[in-house]
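> attaching a predicted model along with its sequence, questions to come.
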Amino acid sequence: MEASLAAVDAKAMMPDAKSMTSGFTSRRAAAEPTVCAGFARGLLELAVAKGADRRALAERAGLELDDLADQDARIPFSSYVALMRAGQALAGDPALGLHYGEAVDISEVSIVGLLGQASTDMIEAFNQLNRYVRLIVEVEVDTHRFQMTAKDGGIWIVDTRRNPNAFPELTESAFAQLVCGPRRFGPGPVLKAVHVTHADPGYREEYERIFRAPVTFGADWNAVQIEPTWGPQPVARLSRYVFGVLSERADALLRDLESSKATRGRVESLLMPILHTGEASMDMVAGKMALSRQTLFRKLKAEGVTFEKVLDELRHRLALDYLSARKVSVNETAYLVGFSDPAAFSRAFKRWTGCSPRTMREPRLAS
């Protein structure tokens, strides 16, 4: 009884755990496909500009507005789909996906767009897009999402993602950006034809206005035919030095995205929102992953860790983040990382770092 009363008192005194951990949670991708928060935020802002209510959009998508604050954070793909549907309804614009591709400057919502601007020409920009497109949105593909192919005497850019008709708005925005993005620093590609596998959505005139080319609905593939002069078109709005810096950052983001798909990353993403309860257990996490305890044990062992090690290192990392930011006290940090007893937290912190948490919390004196 005393322990439960202490927990109630602690919760009354401590900051809201969801608000404290939301930043960490959003930086860890779940196992399902994800979309970068910047890309989703751009869509939300366009819908708001067209008359939709900001909070209503987020609520219908199952998101908090804070989830979109960090441009490189990840949100579930299903939330992006829900956001698109909500935007179409609340903004009264069924062609919102098409208009987003026309309006969005990818360099403002994703590092991938900046890499494109630092490329020497459109071919290099296209190659960078293929290399890092998962940083914008994850989809099911066999190899590269976009491919260039010669057919019927023309050059085509093909979107090879699986099940495209389940969410044709992604095809619309991708092709519209492919055309309209380059127009911001040049004439852009001149299209000869646009083929999409989905049916006519009822706003053909918008397709024709944006693409300026014949459009075929219900086609066998999602592809646009381009002029051969498109590839060598120069870009280079940013220096090669910037290109190198951006590439390093994009590689780091890609590594983080890939690691989050591992069992350890999935376990961490499930632990973070419940860590403060002090009730995080292997059985609970295994249940949320629809796995038996034994199967989860084997999967983590194959990655060279145990559940206890993942939990301990997650607590360590988050404690360092909380204390170095100096926004919460030592006792609040202990609660947020799952310790009901501040003394136990202090012992764990000393084991992790060799020093007390109060030493970490104290401002460093200027030298």
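Arrived safely, thanks for sending. Predicted model, so just to flag it, every value in this text is computed and none were measured. Numbering: from 1, shown residues only.
> where do the strands sit along the stretch 1-150 of the chain?
Along the stretch 1-150 of the chain, counting by DSSP state E, counting those that start in this stretch, strands occupy 34-36, 74-76, 146-151.
> repeat for the stretch 251-367 of the chain
For the stretch 251-367 of the chain, applying DSSP E, counting those that start in this stretch gives no strands.
> output the below-cut-off pLDDT ranges for it.
361-367 (pLDDT under 70).
> picking up where we left off before, Throw the strands of the stretch 1-150 of the chain into JSON lines and include mean pLDDT and distance to A95, thanks.
All C-beta atoms are positioned from the backbone trio N, CA, C, and that covers glycine. As requested, the strands of the stretch 1-150 of the chain are exported to JSON lines (pLDDT from 0 to 100; distance: least, Cβ to Cβ, whole Å):
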{"stretch": "strand 34-36", "mean pLDDT": "94", "distance to A95": "20"}
{"stretch": "strand 74-76", "mean pLDDT": "90", "distance to A95": "23"}
{"stretch": "strand 146-151", "mean pLDDT": "92", "distance to A95": "22"}
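> which of those sits most buried?
Comparing these by mean neighbour count (mean count of other Cβ atoms under 10 Å), strand 34-36 comes out on top with a mean of 26.
> which residues of the stretch 1-150 of the chain score low on pLDDT?
In the stretch 1-150 of the chain, residues with pLDDT under 70: 1-31.
> so S260 touches S269, yeah?
Yes. Contact status for S260 versus S269: in contact at 7.0 Å, counting by Cβ atoms under 8 Å.
> how far is the lengthiest helix in the chain from where the chain is centred?
For the chain, the helix with the greatest residue count under DSSP state H is helix 240-260. In terms of Cα atoms, centre = their mean, to the nearest Å, the gap separating the centre of helix 240-260 from the centre of its chain is 14 Å.
> which strands or helices does that helix pack on?
helix 111-117, helix 263-271 (3 or more Cβ pairs under 8 Å, 6 or more residues apart in numbering; DSSP states H and E).
> let's see 6 Å
Helices and strands touching helix 240-260, by 3 or more Cβ pairs under 6 Å, 6 or more residues apart in numbering; DSSP states H and E, are helix 111-117.
> gap between the helix it packs on and the chain center?
16 Å.
> what's in contact with it?
The contact list for helix 111-117, computed with Cβ atoms under 6 Å, 6 or more residues apart in numbering, reads I106, S107, A125, Q128, Y132, L135, I136, R237, L238, L246, A250.
> so which of those residues comes closest to F175?
I106 (13.3 Å; Cβ to Cβ).
> report how many residues lie close to the nearest residue to the closest one once chain neighbours are set aside.
Among residues not flanking I106 along the chain, G113 sits closest, at 2.9 Å (Cβ to Cβ, 6 or more residues apart in numbering). By other Cβ atoms under 10 Å, the residues close to G113 number 23.
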